[in-house]
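>>> how would this look folded up:
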Amino acid sequence: MNVLTQKEAKLAWANNEALLINNIAENGWEEFFPANWGCDVFNTFQFEIKPRIVLIGDIEVPENQSKNL
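Below you'll find the model as predicted:
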């Protein structure tokens, strides 16, 4: 996992990238839905780009790991 800086996270969000947010108080890393958060979210939490998922048969695998199969 590659944690983004505040600037990188804001830019990724502005570019409609799917993000994960590290919500330690609740569930840890989870999908980021901006409508559920306040304006200071980028100052408070850690973010990373959500990995793309590839479907292999009936199994979902992160795209970068599917190359190793």
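>>> Now do the contacts for Glu8.
Phe47 (Cβ atoms under 8 Å, 6 or more residues apart in numbering). C-beta: built from backbone N, CA, C; applies to glycine.
>>> Now do the same for it: helix, strand or coil?
On the three-state scheme (DSSP: H, G, I helix; E, B strand; the rest coil), Glu8 is labelled helix.
>>> Helix, strand, or coil at the residue nearest the centre of the chain?
For the chain, the residue nearest the mean C-alpha position is Leu20 (2.2 Å; Cα atoms, centre = their mean). Secondary structure, three-state DSSP: Leu20 is strand.
>>> hey, what's it bridged with?
Beta-bridge partners for Leu20, by DSSP bridges, are Glu31, Glu48.
>>> Verify the stated contact: it with Glu30.
Yes: at 6.6 Å, Leu20 and Glu30 qualify as touching, with contact defined as Cβ atoms under 8 Å.
>>> All the strands of this protein, in order from the start?
19-23, 28-31, 46-49, 53-56, 59-62 (DSSP state E).
>>> check contacts around the closest residue in space to Trp37 that isn't next to it in sequence.
Excluding its sequence neighbours, the residue lying closest to Trp37 (Cβ to Cβ, 6 or more residues apart in numbering) is Ile21, at 7.7 Å. Applying Cβ under 8 Å, 6+ apart, we find Ile21 in contact with Trp29, Glu30, Glu31, Phe32, Trp37, Val41, Phe45, Gln46, Phe47.
>>> Could you export stretch 21-28 as CSV, keeping only the C-alpha atoms?
Extracted in CSV, the C-alpha atoms of stretch 21-28 (Å, rounded to 0.1, in the frame of the first residue of the first chain):
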residue,chain,number,x,y,z
ILE,A,21,-9.4,6.2,3.5
ASN,A,22,-7.8,4.9,6.7
ASN,A,23,-10.6,5.3,9.2
ILE,A,24,-8.8,3.8,12.2
ALA,A,25,-11.7,4.7,14.7
GLU,A,26,-14.2,2.6,12.7
ASN,A,27,-13.0,0.0,10.2
GLY,A,28,-9.5,0.8,9.2
